[in-house]
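[1] pasting the sequence and the predicted model now:
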Amino acid sequence: MTESRAEIPARSTRPPLLSRLGSLGPLLGLLALMIVATALNSDFLTVSNLSNVLTRASFIGIIAVGATFVIISGGIDLSVGSMAALIAGSMILIMNALGGDGGGGGVIAIGMLCALAIGAGAGLLHGTFIARGRIEPFIVTLGTLGIYRAVLTYLSEGGSISLNNTLSDAYSPVYYGKLLGVPIPIVVFAVVALLGGLILNRTRYGRYVQAIGSNEQVARYAAVDVNRVKVITYMIQGICVALATLLYVPRLGSASPSTGILWELEAIAAVIIGGTALKGGSGRIWGTVVGAMLLLSIENVLNLTSIISVYLNAAVQGVVIIVVAFLQRGKRS
Amino acid sequence: MTESRAEIPARSTRPPLLSRLGSLGPLLGLLALMIVATALNSDFLTVSNLSNVLTRASFIGIIAVGATFVIISGGIDLSVGSMAALIAGSMILIMNALGGDGGGGGVIAIGMLCALAIGAGAGLLHGTFIARGRIEPFIVTLGTLGIYRAVLTYLSEGGSISLNNTLSDAYSPVYYGKLLGVPIPIVVFAVVALLGGLILNRTRYGRYVQAIGSNEQVARYAAVDVNRVKVITYMIQGICVALATLLYVPRLGSASPSTGILWELEAIAAVIIGGTALKGGSGRIWGTVVGAMLLLSIENVLNLTSIISVYLNAAVQGVVIIVVAFLQRGKRS
Amino acid sequence: QTKQVMGVSIPSADHGWTGGVVYWANETKKELEKMYPNLTVIVKTAKDANEQANQIQDMYTVNKINALVILPQESAPLTRPVANLKDKGVFTVVVDRALTDPKAQDAYVAGDNPGLGRVSGEYVGKTLGGKGNVVVLRGIATVIDNQRVDAFDKVMKEKYPGIKILDRQYANWNRDDGFKVMQDYLTRFPKIDAVWAQDDDIAVGVLKAIEQAGRKDIKFVLGGAGMKEMIKKVQDGDPLITADVTYPPNMIRDAMLLTAKSRMTKTAMPKTTIIPSVLVTKDNAAKFYFPKSPF
Amino acid sequence: MTAVPAAIAFRKVTKTFGPVEVLHGVTFDIGTAEIHALIGENGAGKSTLMKILGGYQPQTSGEIVLTGQPVSWRSSRDAEARGVVLIHQEFNLADDLSVAQNIFLGRELGGAFLNDAAMNQQAAAALTRLDVQLDPRTRVRDLSVPQKQLVEIAKALARDARVLVMDEPTATLTVRETEVLFALIRRLRDDGVTVLYISHKLGEVVELADSVTVLRDGEVVFSGPAAGKTPHDLANLMVGRELEEMFPDVGQPTQNEALHVEGLEVPGWAHDITFTLRAGEVLGFAGLVGSGRTELFEGLLGLRRHTVRQVRVAGRPTRIDSPGKAAKAGVVYLSEDRKGKGLLVDFQLRPNLTLMTLEEYARPLLNIGAEQRTLEGAVKTYGIRTGRLDVAASALSGGNQQKLALARILEVNPDVIVLDEPTRGVDVGAKREIYLLVQALAASGKGVIVISSELTELLGLCQRLLVVREGRIVGNLSGQELTEQEVIQYATGLKVNAPTLEAAPR
Ligand SMILES: Nc1ncnc2c1ncn2[C@@H]1O[C@H](COP(=O)(O)OP(=O)(O)OP(=O)(O)O)[C@@H](O)[C@H]1O
Ligand SMILES: Nc1ncnc2c1ncn2[C@@H]1O[C@H](COP(=O)(O)OP(=O)(O)OP(=O)(O)O)[C@@H](O)[C@H]1O
Ligand SMILES: O[C@@H]1[C@@H](O)[C@H](O)OC[C@H]1O
Ligand SMILES: [Mg+2]
Ligand SMILES: [Mg+2]
């Protein structure tokens, strides 16, 4: 595919203003949706509703920030949903085992660290299979998708795993609390997104990720340690999943075999709606953030109104996704 | 030094035998699985069991033949499962509406034609959005995935749509019948696979599919009507889904909002396990056929034995998928 | 006494209630095999209707079962596959989700879905004194869900016309969806008197959403199916969870016991056994509390 | 001229990319059945003009007249329908398809079913016309760069061209292949085909062309018969001033060892390779296409599976198993495959330039401003011609892409520099700059290895030549032996000397 671009007048020669406007596609989509939403139900624009939506968007959003790296590098991770379930389950089991006694602050910290370790470990596994084992990312993570969920089901014997009460109370501020008036999940999401953007655009690693996605061979010849960069990429994805799970557990205090089902599709959709190409090579974190907000807003709007048969909710989502993608196409070759 | 092996161009002087052996990966995987299965339960190798497995593999297999075209062309179709559900539901509604009276042969034929028309129409829609609308295939078909399922949910009012009894009896031989001793679904699968192979490897269209997946710009320069080829490709996928549905309906006689959930993953997995690269450009139908048989055999083996906790079924599938992919990696660059 | 093989085919443990089913099926297998040395019980789970149809075929072809106890993923699509086994002489017992053609089964052990809706409707109507605003969170779009919601609606229309159902959205028997949908209901409706969550998994999410919003207008949340955590709350006098309506996953146990007895002692099995959906309140909660079950 | 209308006439053709105009009213004629050479510096606009002629890009204004009729193509298909066929400077092949499948892409033989046997046969015939031994069923992905070039030519030949445009077809070919191609081009001309021929190899142009047009900065500065013109004249026309001697003086190596390789094996490609490079030395690697020079060095750098008894860099035993380790040890390699292995064509110039030296800009965040300054410096130092700095690498002309790739590896400030076909597609002026650069690098104490298919280049540049044949070093030539004759005798197996003698004395 590399040679093809040679002939296309590089878009950078287009007046920069216009090209910048064109790349605002997802943002315009989000704005349009918000206008429609407000027209349908004025409660949409209330602070409390927007904060609900943003808080929810933070799960998928944080995972999608990781997915942005994976996709830019030319890979894919289908396992994020079941990884989240497994991390949630294991984390709860560990915390429960460590202690109902005392305040639980230490126990929660240990649980969190374990969660991050499991996420990073899962990513290491994926990265190793993909980079060194040279197996297609789709296959590796399709396989682990089944494996993680099965292990969780096994651990929970098919039921749910719940955090015991004292711990649950001690932990719950992580989801329900606020920092300077902003719900903690939103704060974490913002930090992850900013960090992600910084890493992607302003670090060596980020540059390498883009280079590998654009042309792996060239990156290798330019002395980039392709395998290592790939492994790190899947580890970042794993850590993002773990971070999202850290916020998820205090919300419901439990994990079950249905936790995180289809999150992978939502995360990938957020990335792609945000303007990152599935083929890899280039993309942007802010687009992903907008993509996640957009997806979650659609659900929210549907819940806030009753103009459409509940049976058709999924159809509305589908139509909006396609329309937004249409609005911001064009820039792709 | 593993990474360097990818670099070695298969020298044209390389012994063809060896290279051919290398590409037999999925077949070897299937053989290995069959040996294990027979060791676990000698009934695995009975004609009746094998014929069961093959008959089942024909659903996913037929869909996966279509998916092979789509993936080779550099695209993806996530909507096949819900398209199947929608086709099944519409087809049943149409047949029920047309007639409980009489033998039903004519009604069934009309139903089948409608199914094929809907499948082709859905494919036309996808192809048009993707080729002319220049929207990422992932997005288009993620959108229609939601839309089709929602429409079916609407049609069935959340419940299920069942074929009425006389029709059901008249239609059932299409699934349960045999042709020269071979179950009809297997016959259809074989025909679809053979035709697919012929189209892919021996027609202009098939050549163009590969060219487009390999390098769209080159194909354009070579005066290939890229848009048309893409549209046809998604139509083939739609028709394959419809064909699979024609066999599904007489078997289970109904459609509901949960029909066909996650079939897309299974179909894509069959294609990739069969040795087609997700990036497109090249692939093979027989690999897909083997991939589908492999996937369905895993399920079958799990049903035949009880050595593993039921909670872990999905884990076994995941492990087998990764192992098979590992066995046949290497050939990819 | 000849050897008997009983196949048990159930949905895989993909959420709380099915988790309970799998648990009870495995427990009962042990119990039965101890009770009847000549009986082998095979328990298999399937992730969807299609796989389940494959599975019972395998049970017949390879495991040579004489009896089948099946809790179908879905009613309609499994009707013909079960009928096929019955035609081949397998004794078929269907649990919970009735086949669309009753001729396909030798016996039916029924969970009472319309009953669940009706009992729930009665409780909501009576507790609210026939007046108030109610939101409904539905399950997954299935026949079961329709039966429950239709029965609930019917009670409301006929007996409690003063109750207003504000909206009904799908929450897919899922905690996360329960949380989200309830959050939005709370945004949208300034006054809600009661929530019918239809399933205890959904209710878990609903409770958290209410807690977060700090809303005091909601008088109670009614779930369903009898998850142990919810039964515990009822028992402990939780202010919001004042009752539950059973839909016990251990109905699979009843079905397996009845089937085994009938097969091993060559006695007839009742054509239909209904496991009623009953109201659980503080008074009778202890009877429905199974701490060892995952559900 | 005559009453016969020209085969092609360009009339005031202009082309702008965004704000930059790269062709300024180009006007000239090409006669029927002549070989017309188009030359000019890198970025002069040759490829752009030819893409316009071939229907791949629209002109901004002006007109193209084909045998008297103005034409306006909507796509390359229109052009091909009128017999205008373009061989791209950049490869235009589908990697996953076979050679024959590429040659016949878009015009397959057969009815409802393809006749692959016939296509393979005809493809083989087309390749044989070019004197290439290549199984037409080979996947293009598995071909070397020169092989791809030959397939590209075969593809165009198979298209019944009336006007054949060749954009630097010989850039990657060796002398022998070039000669075969020339014979073919002459035959085509005699059959009435008009050939437009772009090349930076001015010797070729003089040998082959009937007429010649020189473009400078998007304007025609000469258009007329080629007869009587020497390469030197053409070079002067191209750059617009008197060019000095092509090759600067060759310096003297020091006695210090820069790189020593002993017993390198690259399975299937290179065997028992032992040589020493001195600091300050320019060492050439000569050989026929396919002799394995590229693979030898890819192996050495850890880009292919290999084994080696010993590698010493600046006298220190060093283990090199990846390009990263090599770069750390001070050894860099410029790939001959610019698009496949050299540049990220979708990326801008800046990230391309700094890809190997990013750590210098990481503090820990990348200092984009510093990167930008480096780019500005490199553009000056290496004479990279571009309208703007923030374009994708794909927007550079072929030669300027090469300069960018070269600039990248030199950014590492290496001690040992391996250049594989460093002047491929580079114009005379720039070529001379690269030669100067090579000598300067050597003079500053670095060791430089040059792999090239241009024998004159090797002979003019190097102090010593190693000749590779079938993966083995078969000749070690220096001083008086450095003649074309000698090299060819070794390269073709007529002569062998014992290169292992050269192993460093212990
Ligand atoms: N798509 C494009 N966008 C912007 N500028 C372009 C594009 N294509 C070519 N250019 C510019 O047009 C000029 C002419 O390029 P062209 O490729 O025609 O040069 P050339 O004469 O073929 O050079 P070379 O000998 O190096 O191949 C160059 O300055 C190049 O950077
Ligand atoms: N015996 C052979 N049969 C077929 N093809 C061959 C054979 N030997 C070499 N080739 C092809 O020729 C290509 C060129 O080889 P290589 O790049 O090693 O040559 P080189 O000496 O570096 O020449 P160049 O000057 O072209 O770089 C190889 O990649 C290979 O595909
Ligand atoms: O899975 C379902 C459960 O969640 C619901 O409460 O009851 C019926 C079951 O089939
Ligand atoms: Mg050029
Ligand atoms: Mg070479």
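    Here it is on my side, so go on. Computed from a predicted structure; not experimentally measured. Residues are numbered from 1 along each chain as shown, chains lettered A, B, ... in the order given. Ligands and ions are numbered 1, 2, ... in the order given.

[2] excluding its backbone neighbours, what's nearest residue 251?
    Using chain A. Nearest residue to A:R251, sequence neighbours excluded (C-beta to C-beta, 6 or more residues apart in numbering or on different chains): A:Y175, at 4.4 Å. Placement of C-beta: from N, CA and C, glycine included.

[3] that answer is for a different chain, and I need it for chain D
    D:A443 is the one closest to D:G251 (C-beta to C-beta, 6+ apart), at 5.1 Å.

[4] quick one: that neighbour from B:H126, how far?
    For D:A443, the distance to B:H126 equals 63 Å [C-beta to C-beta, to the nearest Å].

[5] the more surrounded of those two?
    Ranked by neighbour count (other C-beta atoms under 10 Å in any protein chain shown), D:A443 and B:H126 place B:H126 first, with 29 against 14.

[6] wait, doesn't the more buried one sit right on B:I236?
    No - between B:H126 and B:I236 there is no contact under C-beta atoms under 8 Å: 11.0 Å.

[7] what sits in contact with each of those two?
    The overlap between the contact sets of B:H126 and B:I236 (C-beta atoms under 8 Å, 6 or more residues apart in numbering or on different chains) is empty.

[8] per-residue pLDDT, the residue nearest to A:R251?
    On pLDDT, A:Y175 comes in at 88.

[9] go through the one helix or strand it maps to and flag the buried ones.
    Assigned by DSSP states H and E, A:Y175 belongs to helix A:173-176. For helix A:173-176, the neighbour count (16 or more other C-beta atoms under 10 Å in any protein chain shown) marks A:174-176 as buried.

[10] tell me the secondary structure for the residue in chain D positioned nearest to ligand 3?
    Nearest residue of chain D to ligand 3: D:D96, at 46.9 Å (C-beta to the nearest ligand atom). D:D96 carries the three-state label coil when classified by DSSP: H, G, I helix; E, B strand; the rest coil.

[11] quick one: neighbours of it, just the number.
    Neighbourhood size, D:D96 [other C-beta under 10 Å]: 23.

[12] against A:C240, how distant is it?
    34 Å.

[13] ok, now A:A267?
    9 Å.

[14] who touches both of these two?
    A:63, A:66-67.

[15] so A:T144 makes contact with A:L124?
    No - here A:T144 lies out of contact with A:L124, judged by C-beta under 8 Å, at a distance of 11.9 Å.

[16] the more surrounded of the two?
    Taking neighbours as other C-beta under 10 Å, A:T144 and A:L124 compare with A:T144 leading, 27 against 15.

[17] contacts only, for that one.
    Shown in contact with A:T144 (C-beta under 8 Å, 6+ apart): A:79, A:82-83, A:122, A:125-126, B:318, B:322.

[18] can you tell me which of these are in helices?
    Here DSSP state H is the test, and these give A:82-83, A:122, A:125-126, B:318, B:322 as lying in helices.

[19] among those, who's most crowded?
    Neighbour max across the ones in helices among the contacts of A:T144 (other C-beta under 10 Å) = A:M83, 33 neighbours.

[20] so it sits against A:I147, correct?
    No - if you go by C-beta under 8 Å, A:M83 and A:I147 don't touch, sitting 9.8 Å apart.

[21] give me the element the residue of the stretch 401-506 of chain D found nearest ligand 4 is part of.
    Relative to ligand 4, the nearest point of the stretch 401-506 of chain D is D:G425 (7.2 Å; C-beta to the ion). Mapping D:G425 onto the secondary structure by DSSP H and E places it in no helix or strand at all.

[22] ignoring the adjacent residues along the chain, who's closest to it?
    In space, D:G425 is closest to D:G398, 4.2 Å off (C-beta to C-beta, 6+ apart).

[23] how many neighbours does the one you found have?
    For D:G398, using other C-beta under 10 Å, the count is 25.

[24] got the contact list for it?
    D:G398 touches D:42, D:47, D:89-90, D:168, D:171, D:338, D:425, counting by C-beta under 8 Å, 6+ apart.

[25] hmm, stretch D:220-234 touching ligand 1?
    No - figure legend: stretch D:220-234 not in contact with ligand 1 (C-beta under 6 Å from any ligand atom); closest approach 12.7 Å.

[26] my read: C:V245 touches C:N284, true?
    No - contact status for C:V245 versus C:N284: not in contact, 12.0 Å apart, counting by C-beta under 8 Å.

[27] the helix or strand containing A:N300 close to chain C?
    Using DSSP H and E, A:N300 falls within helix A:285-304. Yes - on the criterion C-beta under 8 Å from any C-beta of the partner chain, helix A:285-304 is in touch with chain C at A:299-300, A:302-304.
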